[in-house]
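S.K.: A predicted structure for the sequence below; I have some questions about it.
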Amino acid sequence: MHPLSPALARPRGRHRSRAVAGLAAAVLLLTSGAATAAAHGGAGGPGPHPRTDLGRQVVTPGADGWASVATTTAPEGVPREAEPVTGGAAASASEVYVVDTWAELRDALGGRAGADLDDGRGLEVPRVVYVRGTIDAFTGADGAALDCQDFADQVPVAGAGPFTMDDYVAAYDPAVWGTDEPGGPLEDARVAAARVQAAQTQVHVGSNVTIVGVGDARVVGANLRVRDSHNVIVRNLTLSDGRDCFPQWDPTDGELGSWNSAYDNLSVWTSTGVWVDHNTFDDGDHPASSLPQVFGRPFEIHDGLLDVTHGGDLVTVSWNRFETHDKTMIIGSSDSRLQDRGQHRVTIHHNHFQDIGQRAPRVRFGDVHVYDNSYAQSTAEEFQYFWGAGKESSLVLENNALRLAPGVDPARAVGAYGGTMLREAGTLVNGRPVDVVGAFNSTAAAPLADDARWTPSDHYRYRLLPARAVPAVVDAGAGAGVLRSTTPR
């Protein structure tokens, strides 16, 4: 069976319930402090939260992360003054939406009935969008389930009928094609099929928007793009399996070539002032373990879970779960984008990373703060690193707790990809303090300075948990479904 056959292309909803640990709640009560509770509407961590309307909640100015800071930002070199994130809190009653289907979600974000993927891009009107149930982007206008071949069937190949990925794989097998980049009618058809899919499964999120899940709300198969926007909140959603039906084979990518996917579950692209809170990100019914090797390389249909690129700035990522994924979170899209200097300021706190491969995060150019996060690996095989120091990056790591699989060297927590510095303090590895930068430097050809060019407390206030408390608090309090959200009364 082909890896993108109809049987694999129709996801099934999965729901998770998590018990709240009494120990974690007690620790949070003792350690979280007013700043965290205020910045997250009293919902910073575990505990029996009362049902509340999350749609009007905002970030507390100057608290917990970069999204709370009033400052100048300049995506693509165009300066603008950013304020602490409020999302759609100022929305009028006519701009409050409750959606149950993919078409309704796109219409709410696009500002009109029958909206397409680009209609939301550039919209400024404040809006609050409440998502209920499971919304599947692979659902047609008539409500019928779609699969990848439904998109491919709309693309003819000269003299050969509709496009299929099976034909693509056969044509560009290195034993047949060689190691040149793909070209010709089948590559052109793959690009065209990808456009057909994008028209169905992508959506742009404009400015001054809050998207909030009600209960166990899920968005499956979609790529949500916060592009050319500002002042956006995404909360209490499971964002699952944003998959690319038509990844590109690139035989020149690395020694053995690679399959490259275009889709993240959530993309922050040339956008500023974004708060991503209490969500769950995963690969749904298409984890990497379920996909085959093609040309001896993983057939990759996912890119990132949450990527911040192309000058994205002033972003706080808090209390989320990132599960069973390889390329999890990249901040900065290319070493060549020198216009991103001074951008990519991101705070990542109180998130749980479970069985990821890499990029938690990997950073280019940005001043990035990573504190009070929980990382857990159950196996060693797919793990590469957690924190990647890229070109001109400056990461500050504080009080993160790592649970590594047996046999994994703590030095592997750090990777250097053109970066020169990484400040780290308070890291626990399997319950014991470890200087992970020192461990990395002990064998690195190009050691990293345990330093940073900035200090987080100069920009916003925050309170650290003791690292020993992080696993219990974060594992219980992170992710979608922890907050007891409601629709507006």
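M.R.: Received it, and whenever you're ready, just let me know what you need. Numbers count the residues shown, from 1 in each chain.
S.K.: distance between the ends of stretch 481-489?
M.R.: 20 Å (Cα to Cα, to the nearest Å).
S.K.: how far out from the middle of the chain is that stretch?
M.R.: 22 Å (Cα atoms, centre = their mean, to the nearest Å).
S.K.: Buried by neighbour count: which residues of that stretch qualify?
M.R.: Buried residues in stretch 481-489, counted by 16 or more other Cβ atoms under 10 Å: 481-483, 485. All C-beta spots, glycine's among them, are computed from the backbone N, C-alpha and C.
S.K.: So which of those are in helices?
M.R.: Using DSSP state H, no member of the buried residues of stretch 481-489 falls in helices.
S.K.: Let me know the closest of those residues to Ala439.
M.R.: Closest to Ala439 out of the buried residues of stretch 481-489 is Val482 (33.3 Å), distances taken as Cβ to Cβ.
S.K.: Give me the contact list for stretch 291-302.
M.R.: Applying Cβ atoms under 8 Å, 6 or more residues apart in numbering, the external contacts of stretch 291-302 come out as 3-4, 169, 173-174, 241-245, 247, 249, 251, 256-261, 263-264, 283, 286, 288, 325-327.
S.K.: of those residues, buried ones?
M.R.: By neighbour count, with 16+ other Cβ under 10 Å, these hold 3-4, 169, 241-245, 247, 249, 251, 257-259, 261, 263-264, 283, 286, 288, 325-327 as buried.
S.K.: State the distance from the closest residue to Val436 other than its chain neighbours to Ala445.
M.R.: Distance criterion Cβ to Cβ, 6 or more residues apart in numbering; nearest residue to Val436, sequence neighbours excluded, is Ala413 at 4.6 Å. For Ala413, the distance to Ala445 equals 17 Å [Cβ to Cβ, to the nearest Å].
S.K.: so where's the stretch 1-150 of the chain shaky on pLDDT?
M.R.: Scanning the stretch 1-150 of the chain for pLDDT under 70 picks out 1-49.
S.K.: can you map out the strands along it?
M.R.: Counting by DSSP state E, counting those that start in this stretch, the segments of the stretch 1-150 of the chain that form strands are 71-73, 80-82, 96-99, 127-136.
S.K.: Take these and lay them out in CSV including distance to Asp180.
M.R.: Output for the strands of the stretch 1-150 of the chain, formatted as CSV (distance: least, Cβ to Cβ, whole Å):
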stretch, distance to Asp180
strand 71-73, 41
strand 80-82, 43
strand 96-99, 46
strand 127-136, 38
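S.K.: Arg412 is in contact with Thr443, correct?
M.R.: No: using Cβ atoms under 8 Å, Thr443 is not in contact with Arg412; the gap is 10.2 Å.
S.K.: returning to that earlier point: can you give me phi and psi for the residue nearest to Val436?
M.R.: Per-residue torsions, Ala413: phi -60, psi -20 (degrees, to the nearest 10).
S.K.: Thr52 contacts Thr487, correct?
M.R.: No: the criterion here is Cβ under 8 Å, and Thr52 misses it with Thr487 at 11.2 Å.
S.K.: any chance you could map the helices in the stretch 51-200 of the chain?
M.R.: 102-110, 148-152, 165-171, 174-177, 185-201 (DSSP state H, counting those that start in this stretch).
S.K.: Name the residues of the shortest one that are buried.
M.R.: Applying a neighbour-count criterion of 16+ other Cβ under 10 Å, the buried positions in helix 174-177 are Trp177.
S.K.: now that helix: how far from the chain's centre is it?
M.R.: 35 Å.
S.K.: So which other helices or strands are in contact with that helix?
M.R.: For helix 174-177, there is no helix or strand it packs on, judged by 3 or more Cβ pairs under 8 Å, 6 or more residues apart in numbering; DSSP states H and E.
S.K.: what's that helix in contact with?
M.R.: Helix 174-177 is touched from outside by 170-171, 251, 257, 295, with contacts defined as Cβ under 8 Å, 6+ apart.
S.K.: With the last one instead?
M.R.: Contact partners of helix 185-201, identified using Cβ under 8 Å, 6+ apart, comprise 116-117, 137-138, 140, 146, 148, 151-152, 154-158, 160, 163, 165, 167-168, 171-172, 182, 221-223, 242, 244-246, 248, 262-263.
S.K.: Mind giving me the PyMOL select for those, buried ones only?
M.R.: This is how PyMOL selects the buried members of the contacts of helix 185-201, with burial counted by 16+ other Cβ under 10 Å:
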select buried, resi 117+137+138+146+148+151+152+155+157+163+165+167+168+171+172+182+221+222+223+242+244+245+246+248+262+263
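S.K.: ok, Gly114 to Phe138 distance?
M.R.: Gly114 is 18 Å from Phe138, by Cβ to Cβ.
S.K.: let me redo that: Gly87
M.R.: Note on Gly87: its distance to Phe138, by Cβ to Cβ, is 27 Å.
S.K.: again with Gly407
M.R.: To Phe138, Gly407 is 39 Å away according to Cβ to Cβ.
S.K.: ok, Leu422 - contacts?
M.R.: Leu422 touches 387, 389, 393, 395, 397, 414, 437, 448-450, 452, counting by Cβ under 8 Å, 6+ apart.
S.K.: Just name the closest of the residues you listed to Arg359, please.
M.R.: Nearest member of the contacts of Leu422 to Arg359, counting by Cβ to Cβ, is Trp387, at 9.0 Å.
S.K.: Give me the pLDDT value at that closest one.
M.R.: At Trp387 the predicted local distance difference test score is 99.
S.K.: so how many other residues sit close to the residue nearest to it when sequence neighbours are not counted?
M.R.: Nearest non-adjacent residue to Trp387, counting by Cβ to Cβ, 6+ apart: Val414, 5.4 Å away. For Val414, the neighbour count with other Cβ atoms under 10 Å is 25.
S.K.: what's across from the residue nearest the centre of the chain in the sheet?
M.R.: In the chain, the C-alpha nearest the mean C-alpha coordinate belongs to Leu306, at 1.3 Å (Cα atoms, centre = their mean). For Leu306, the beta-bridge partners under DSSP bridges are Leu266.
S.K.: Please list all residues in contact with it.
M.R.: Contacts of Leu306 (Cβ under 8 Å, 6+ apart): 264-268, 276, 281, 317, 320, 322, 328-329.
S.K.: residues contacting Glu95?
M.R.: The contact partners of Glu95, taken as Cβ under 8 Å, 6+ apart, are 88, 125-128.
S.K.: Tell me which strands the strand or helix carrying Phe322 pairs with, and in which orientation.
M.R.: Following DSSP states H and E, the helix or strand that holds Phe322 is strand 321-323. Using DSSP bridges, strand 321-323 pairs in its sheet with strand 280-282 (parallel), strand 352-354 (parallel).
S.K.: Among the ones you listed, show me which one is buried the most.
M.R.: Ranked by mean neighbour count under mean count of other Cβ atoms under 10 Å, those are led by strand 280-282, which reaches a mean of 26.
S.K.: State the distance from the residue at the greatest distance from the centre of the chain to Arg80.
M.R.: Residue farthest from the centre of the chain, counting by Cα atoms, centre = their mean, is Gly159 at 40.6 Å. As judged by Cβ to Cβ, Gly159 and Arg80 stand 51 Å apart.
S.K.: Over to Ala91?
M.R.: From Ala91 to Arg80 the distance is 21 Å (Cβ to Cβ).
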